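Student: build me a model from this:
(chains A and B)
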2 protein chains.
Amino acid sequence: MPVSEFDLIRQYFAHATASRDDVLIGIGDDCALLQPAAGEALAVSIDTLVEGRHFAVDADPAALGHKALAVNLSDLAAMGASPAWATLALTLPAADTLWIEAFMRGFSTLAGVHRVQLVGGDTTRGPRTITVQVHGFVAAAEALRRDAGRPGDRLLVSGSLGDAALALRLEAQGRPVDTALRERLDRPQPRIALGRLLAGRARAAIDVSDGLTADLRHICEASGVGALLDLARLPLSTPVAAVAAKGDWAAALAGGDDYELLFSVDPAKVGELCSACIAAGHAVTEIGRLVDTPGIRLIYPDGRLSEDIPDGFDHFRS
Amino acid sequence: MPVSEFDLIRQYFAHATASRDDVLIGIGDDCALLQPAAGEALAVSIDTLVEGRHFAVDADPAALGHKALAVNLSDLAAMGASPAWATLALTLPAADTLWIEAFMRGFSTLAGVHRVQLVGGDTTRGPRTITVQVHGFVAAAEALRRDAGRPGDRLLVSGSLGDAALALRLEAQGRPVDTALRERLDRPQPRIALGRLLAGRARAAIDVSDGLTADLRHICEASGVGALLDLARLPLSTPVAAVAAKGDWAAALAGGDDYELLFSVDPAKVGELCSACIAAGHAVTEIGRLVDTPGIRLIYPDGRLSEDIPDGFDHFRS
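Tutor: Numbers count the residues shown, from 1 in each chain, chains lettered A, B, ... in the order given. Just a heads-up that it's a prediction; the model follows:
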């Protein structure tokens, strides 16, 4: 390995992202030293992407850099937190500087959008694996939790569902993939601003990473409730709506990798919250409600009620 | 995979470690929600261990669980920080519950000693890779930095040097390894209490993970100084002293994996600090000093002065 661990870190990590006043020591000491926001709680999330499982061997490194940070920022969004810092543990088969440059370009561009500073890094040699931890702040009383849903709450979701899953399926079938769909798979946009708006206003929230029904189940189990989902109301892009119209709801319901926010709202506050979302330019759609009876029931557009959830796409699991 | 990611996390991570009052939400939501210590800075460090590089395929999982946390806690010790929380990203080829149980036993036992709570986890399928991030607190003005060394400072080190490296070498040669040496390799003890004592009293500090001279070089480069090392004063165990007596200083000087603290102290404060260390039961030894002239010079026991640093052991690098 011509370039040592330390050279790598210095060259590509140390000045990769914008600098923040609350970073007392960044990369280069035994620890980063950080000044937490006074009076707020610290929200942290860690996620790993593994080559061959979460991304292909020939995946575009810039898109990977974006996605590795985006999936973590999405977790901060789901807590209603404001992002601050990130750490990056990168395991690579070789010190491929072109790959690292491109990866850091994707990572840093997204970090800049959300004012995130990379404060710690570790590079090791081995099978390509990317672990990112993000750190953000939210007032403890306003944090969006999975366990705060109540029967009667309206269920809403941001953006559209199933795009990334459909892109992945088309690709696996060797069929052409629309650029917009492709972008939804490669460059998910964490809903940070929406999360901040929902903090203290919504009840339960989660980001849709495993698929709508899988993530809704997490809310239901944590909150001790059930849910009714009105499939006719799901926000679907034209290509996903086209496959759903043929009776294939797997992408929309169980596709995963959407990185939209699924949240529940006190019915008395839905109107006001939707108005605030519209005013701020966030697309949100009411898609069902939480109920006393455990389990998830689907109301199909033809009125049929079902508890059978279509199988997911396993590519992006665990 | 019979056990899903979520089952794994719930079973083995959720109640793995002692609970702390400053953890508002632990494992099970999109993020952990944590209450930072008021008025203190947050110190964080992230490190990855890769199978085949940092540990053998047949490594004892309990020892690995200990070590994965220990090497990170050692970074907190080197900042003078008090540990609080950890996150764990575990990539495993299969959901081997016996392996995970043993790993978490090693991890949790050490976490209990230092009152560390595991607050976030991610499990993914892939080549075995262990990433741990630790979080701790220290008053910003008292944090031990690499760049705070000054010419004239005395250099001290805790414990003994080269034991882990010698154990590894003997093992690679198929020779018997003394239990005490083996423990130094498998179960390094992070010098947290010593780091707390040094905070606000020592100047520069680093933990010896890459090897004494490599880590001393980090202090020298960050502080813009050089160093004189008096080899006759190095604290060595009987087996390491025996190989050094034959002229082989590689284990002691460049072995790495010691996880002792190397620190510099204002010469006017050395006596008082050493007394405090003795009173608290910490073994520390003065081994040299920082000087104006850049570079590291070794004074051999026979009085010979050299700038040639013995080659390191590359097994545990990057």
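Student: where exactly do the helices run in the stretch 151-300 of chain A?
Tutor: A:163-172, A:179-186, A:192-198, A:212-223, A:238-245, A:250-254, A:270-279 (DSSP state H, counting those that start in this stretch).
Student: looking at those helices, which is nearest to chain B?
Tutor: Comparing those by their distance to chain B (Cβ to the nearest Cβ), the top pick is helix A:212-223, with 7.1 Å. Placement of C-beta: from N, CA and C, glycine included.
Student: buried sites along that closest one?
Tutor: If you call a residue buried by 16 or more other Cβ atoms under 10 Å in any protein chain shown, then helix A:212-223 has these buried ones: A:212-220, A:222-223.
Student: chain center to that helix: distance?
Tutor: Put simply, helix A:212-223 sits 15 Å off its chain's centre (Cα atoms, centre = their mean, to the nearest Å).
Student: same deal with stretch A:168-183?
Tutor: 20 Å.
Student: again, but for stretch A:116-136
Tutor: Distance of stretch A:116-136 from the chain centroid (Cα atoms, centre = their mean) equals 17 Å.
Student: of all the helices of the stretch 151-300 of chain A, which one is nearest A:Val132?
Tutor: A:Val132 lies closest, by Cβ to Cβ, to one member of these: helix A:192-198, at 15.1 Å.
Student: redo the buried residues of helix A:212-223 as TSV? Include pLDDT and distance to A:Ala86.
Tutor: Formatted as TSV, the buried residues of helix A:212-223 follow (pLDDT from 0 to 100; distance: Cβ to Cβ, whole Å):
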residue	pLDDT	distance to A:Ala86
A:Leu212	96	27
A:Thr213	96	30
A:Ala214	94	26
A:Asp215	95	23
A:Leu216	97	28
A:Arg217	95	29
A:His218	94	24
A:Ile219	97	26
A:Cys220	97	31
A:Ala222	96	26
A:Ser223	98	30
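Student: of these, which ones also sit close to chain B?
Tutor: Filtering the buried residues of helix A:212-223 for neighbours of chain B using Cβ under 8 Å from any Cβ of the partner chain leaves A:Ala222.
Student: how about the buried residues of helix A:212-223 in TSV, adding distance to B:Arg128?
Tutor: What follows is the buried residues of helix A:212-223, written out as TSV (distance: Cβ to Cβ, whole Å):
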residue	distance to B:Arg128
A:Leu212	32
A:Thr213	31
A:Ala214	26
A:Asp215	28
A:Leu216	33
A:Arg217	29
A:His218	27
A:Ile219	32
A:Cys220	34
A:Ala222	30
A:Ser223	35
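Student: now do the same for stretch A:19-31: mean pLDDT, whole number.
Tutor: Confidence over stretch A:19-31 (mean pLDDT, whole number) is 93.
Student: CA-only coordinates of that stretch in PDB, if you can.
Tutor: Provided in PDB are the C-alpha atoms of stretch A:19-31 (Å, rounded to 0.1, in the frame of the first residue of the first chain):
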ATOM      1  CA  SER A  19     -15.900  23.700   9.300                       C
ATOM      2  CA  ARG A  20     -18.200  24.400  12.200                       C
ATOM      3  CA  ASP A  21     -17.600  26.500  15.300                       C
ATOM      4  CA  ASP A  22     -18.700  23.700  17.600                       C
ATOM      5  CA  VAL A  23     -15.800  21.500  16.500                       C
ATOM      6  CA  LEU A  24     -12.900  22.100  19.000                       C
ATOM      7  CA  ILE A  25     -10.700  19.400  17.600                       C
ATOM      8  CA  GLY A  26     -11.500  17.700  14.300                       C
ATOM      9  CA  ILE A  27      -9.600  14.900  12.600                       C
ATOM     10  CA  GLY A  28      -6.000  14.300  13.600                       C
ATOM     11  CA  ASP A  29      -6.000  13.700  17.400                       C
ATOM     12  CA  ASP A  30      -7.000  10.600  19.400                       C
ATOM     13  CA  CYS A  31     -10.600  11.800  19.500                       C
END
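Student: contacting residues around A:Ala89?
Tutor: Residues counted as contacts of A:Ala89 (Cβ atoms under 8 Å, 6 or more residues apart in numbering or on different chains) are A:121-124, A:130-132, B:46-48, B:89, B:131.
Student: with A:Ala81 instead?
Tutor: A:43, A:136-138, A:143, A:195-196, A:199, B:31.
Student: rewinding a little: out of the contacts of A:Ala89, who's nearest A:Leu181?
Tutor: A:Ile130 (23.2 Å).
Student: for the closest one, helix, strand, or coil?
Tutor: Here A:Ile130 is recorded as strand under DSSP: H, G, I helix; E, B strand; the rest coil.
Student: ok, it to A:Gly121 distance?
Tutor: Applying Cβ to Cβ, to the nearest Å, the value for A:Ile130 to A:Gly121 is 11 Å.
Student: report the set of residues contacting both of these two.
Tutor: With Cβ under 8 Å, 6+ apart, A:Ile130 and A:Gly121 have common neighbours A:88-90.
Student: let me see the ranges of the strands in chain A.
Tutor: Assigned by DSSP state E, the strands in chain A fall at A:23-25, A:32-34, A:41-50, A:82-92, A:117-125, A:129-138, A:154-158, A:205-207, A:226-230, A:261-265, A:284-291, A:295-299, A:305-306.
Student: any chance of those strands in a markdown table with distance to B:Val270 as columns?
Tutor: Shown next, in a markdown table, are the strands of chain A (distance: least, Cβ to Cβ, whole Å):
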| stretch | distance to B:Val270 |
| --- | --- |
| strand A:23-25 | 25 |
| strand A:32-34 | 25 |
| strand A:41-50 | 37 |
| strand A:82-92 | 35 |
| strand A:117-125 | 32 |
| strand A:129-138 | 37 |
| strand A:154-158 | 60 |
| strand A:205-207 | 53 |
| strand A:226-230 | 66 |
| strand A:261-265 | 57 |
| strand A:284-291 | 64 |
| strand A:295-299 | 67 |
| strand A:305-306 | 76 |
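Student: averaged over its residues, which helix or strand of chain A has the lowest pLDDT?
Tutor: Least confident element among the helices and strands of chain A, by mean pLDDT, DSSP states H and E: helix A:5-8 (a mean of 58).
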